[in-house]
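In: Provide a 3D model corresponding to the input given below.
(one chain, ligands or ions: 1)
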Amino acid sequence: MISFCFQSCFIFALLFFFSTLFLFAFFFKKPKNDLPPSPPSLPIIGYLHLILAFFFGESFRQRIFNKEFYKNISLKDFLLLLSPMHTTFQKISSMYGPFLSLRIVNFPIVIVSSASIIHEIFKAQDINVSYRGDIAIDECIILGSFGVFRAPHGDYWRFMKKLMVTNLLGTQALDRSRGVREFELERFYKNLLDMAKKKQSVDIGEEALRLVTSTFGKMSVGSSFPKDNNDATKVSQLCVEFSALAHEFLFHKLLLQKLGISLLKKNIMDVSHRFEELLESIIVKYEEEKSEEHQGTECMDAFLAAYRGENAEYKITRKNIKAFLAELFCGAGAFTASTTHWAMAEIINNPNILKRIREEIYSVVGKERLVQETDLPKLPYLQAVINETLRLHPVGPVLPREFQQDCTVGGFYIAKGTTLVINAYAVMRDPDYWEDPNKFKPERFLASSGSLQEEERREHAMKFLPFGGGRRRCPGSNVASIIVGTAIGVMVQCFDWKIKSGNEVDMEEAPGLNFSLDLAHPLECIPLPRTLNPLATNMQIMDL
Ligand code: HEM
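Out: Just a heads-up that it's a prediction; the model follows:
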């Protein structure tokens, strides 16, 4: 555990801050007139003071004068006291406007939380902002550019996206892999039932992650994905390790730049190597099983063909395949599981909503069989609940991009190299676009937008951004909605839920400097099978 004297550091930081102010006060330069509006800045450090004031939120300010606070505080504990990016930027935007230009040290940033400006950016500057910015540790399978998420816009990205959509995420590919998802959903149900039988509590976030990891595992590498629960859990554990390091990494990168990156590089590369080893063993198993005439998945077959150069279009490396798998589990999987977690937390806190979803499922599906993905189009209220969850709790709340060329947005000049931060969280809680923006009201998604013209409809879509926008928008939104929808469907159709402690689920967002949005506390509940539930009787649990 890294521990250091925060009191001295804090005093040193204050001294440094004020002496810099004093020295450079005379060199104050007015920002260019044609830049987007900006809050009052300070020389040299620009707006760093503003960002720090909002990052070091109330809980931090309450503790800095308490001596106990400085005893044995680790960097990890310290980071947990910082406010997340989306709330920091939301506060700044609510004070100074929804289209802002900032400069932190020598980094220009534009923060946008206006749907009409976002619409203009994706309409006129989509290619210009289709890069996610500087890659800090290129050789790392998650933070590097070997996967899809961080790949620069170009031939490699186009090819990988095509492979993914054609063989994994497109409508036809999803039709072909439906059986895998049905099998995993049933396993999820049986597992919950088993826990109910033993009167055990369920950590809903953990169960959702297990369901999602094995579903994506089977969809990508078929039976080569570890059957043994311990091995499958290793994948999720490595993702958790990565996510903890990613939070620290963001802090180091922002404040200490290259020094910060090198401080954490060893730890990050250690997890990266272990992850690569595990994924390599899964791919080798796939190749061996394939040669024994086992049926493969078209997804991995297509990736391996591109690796062997059988596909003339583009040749990829083995590391590209592993990076794709790592992103699938740690990015796509974690986002899907976290959305399920948030949705269930809202549903348990709103018994009327739970009742309405259940009535809808009973009227469409009945009680004789489990809800399936083909039922989802006939369950509009369930879909509205998922959309409302994505609006209020977007697990990717800010979308960072970089302008690659000088351009004009909203009549203002933006220079090449400027970081663009789209605050999807702020847009989706903006009272100008949403009535009662902080309330969970799924009915708002039942209203029709049929009367809108095409252009209006596109602009309208920019106020609902849980999957981002433009050409780098999430290509997994369909499969994510299917998995979240069916998992929630089964949990509501077959069980009542008793919160393990307290009467209400604590909806607090996880604190800390990070780019993702998770519940602060695990949602632990006891599942109670619905009485007279034929699904339950089929499973022989009459002796409950
Ligand atoms: C509820 C679940 C999910 C949420 C909320 C979500 C959200 C997002 C967001 C916000 C982005 C960034 C978009 C942008 O910059 O405009 C993204 C990118 C991406 N997502 Fe998802 N995602 C989810 C599930 C998935 C799934 C299931 C997959 C695939 C199996 C997936 C694959 C990707 C990929 C490949 C990218 C990068 C696209 C690119 O750079 O071209 N996501 N996702």
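In: and what about the nearest residue to residue 361 once chain neighbours are set aside, helix, strand or coil?
Out: Ranked by C-beta to C-beta, 6 or more residues apart in numbering and with sequence neighbours excluded, the top spatial neighbour of residue 361 is residue 493, at 4.8 Å. Glycine gets a C-beta too; all of them are placed from N, C-alpha and C. Per DSSP: H, G, I helix; E, B strand; the rest coil, the secondary structure class of residue 493 is helix.
In: what's the burial count for residue 493?
Out: Neighbours of residue 493 under the rule other C-beta atoms under 10 Å: 24.
In: could you number the chain from 17 rather than 1 from now on?
Out: Renumbered: residue one is now 17, and that last one reads residue 509.
In: that one against residue 388, yeah?
Out: No - contact criterion C-beta atoms under 8 Å: residue 509 and residue 388 do not qualify, at 10.8 Å.
In: list residues touching both of the two?
Out: Shared contacts of residue 509 and residue 388, defined by C-beta atoms under 8 Å, 6 or more residues apart in numbering, are found at residue 381.
In: near the ligand, which residues of the stretch 317-466 of the chain?
Out: The stretch 317-466 of the chain has residues 344, 348, 351-352, 355, 411-412, 415 near the ligand, with proximity defined as C-beta under 6 Å from any ligand atom.
In: can you redo those as a markdown table with neighbour count and distance to residue 173?
Out: Below are these laid out as a markdown table (neighbours: other C-beta atoms under 10 Å; distance: C-beta to C-beta, whole Å):
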| residue | neighbour count | distance to residue 173 |
| --- | --- | --- |
| 344 | 23 | 16 |
| 348 | 21 | 16 |
| 351 | 22 | 19 |
| 352 | 26 | 22 |
| 355 | 27 | 25 |
| 411 | 20 | 22 |
| 412 | 22 | 18 |
| 415 | 24 | 16 |
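In: distance to residue 198, pLDDT and secondary structure for the residues you listed - can I get that in a markdown table?
Out: Below are those laid out as a markdown table (distance: C-beta to C-beta, whole Å; pLDDT from 0 to 100; DSSP: H, G, I helix; E, B strand; the rest coil):
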| residue | distance to residue 198 | pLDDT | secondary structure |
| --- | --- | --- | --- |
| 344 | 20 | 95 | helix |
| 348 | 20 | 94 | helix |
| 351 | 22 | 96 | helix |
| 352 | 17 | 97 | helix |
| 355 | 20 | 98 | helix |
| 411 | 25 | 96 | coil |
| 412 | 28 | 94 | coil |
| 415 | 33 | 94 | strand |
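In: how about CSV for the residues you listed, with distance to residue 454 added?
Out: Listed next are these as CSV, based on distance: C-beta to C-beta, whole Å:
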residue, distance to residue 454
344, 33
348, 28
351, 22
352, 24
355, 18
411, 18
412, 19
415, 21
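In: residue ranges with poor pLDDT in the stretch 17-166 of the chain?
Out: 17-49, 60-61, 71-97, 121 (pLDDT under 70).
In: near the ligand, which residues of it are found?
Out: 164-165.
In: which stretches of the stretch 17-166 of the chain form helices?
Out: Under the criterion DSSP state H, counting those that start in this stretch, the stretch 17-166 of the chain contains helices at 22-40, 64-71, 74-79, 91-96, 101-112, 131-140.
In: with the stretch 267-416 of the chain instead?
Out: According to DSSP H, counting those that start in this stretch, the helices that the stretch 267-416 of the chain contains are 314-324, 334-343, 350-365, 367-380, 396-408.
In: right, and the ones you listed - which one's nearest residue 295?
Out: helix 334-343 (4.3 Å; C-beta to C-beta).
In: what angle separates that closest one from helix 314-324?
Out: 150 degrees (axes from the mean of the first three to the mean of the last three C-alpha atoms, to 10 degrees).
In: ok, the residue nearest to residue 397 when sequence neighbours are not counted to the ligand distance?
Out: Of all residues not flanking residue 397 in the chain, residue 376 sits nearest, at 4.8 Å (C-beta to C-beta, 6+ apart). Noted for residue 376: a distance of 21 Å to the ligand, by C-beta to the nearest ligand atom, to the nearest Å.
In: residue 376 and residue 399 touch, don't they?
Out: No - Residue 376 lies out of contact with residue 399 (C-beta under 8 Å); the separation is 10.0 Å.
In: which one's more surrounded, the two?
Out: residue 376 (22 against 19).
In: what sits against the residue nearest to residue 397?
Out: 395-398.
In: tell me the one among those nearest to the ligand.
Out: Using C-beta to the nearest ligand atom, residue 398 is the member of these that lies nearest the ligand, at 14.8 Å.
In: do a quick rundown of the strands in this protein.
Out: 115-120, 123-128, 218-219, 414-418, 423-425, 428-430, 435-439, 511-515, 540-545 (DSSP state E).
In: point out the most buried one among those strands.
Out: strand 435-439 (a mean of 23; mean count of other C-beta atoms under 10 Å).
In: residue 386 versus the residue nearest to residue 377, what's the distance?
Out: Using C-beta to C-beta, to the nearest Å, we find residue 509 at a distance of 7 Å from residue 386.
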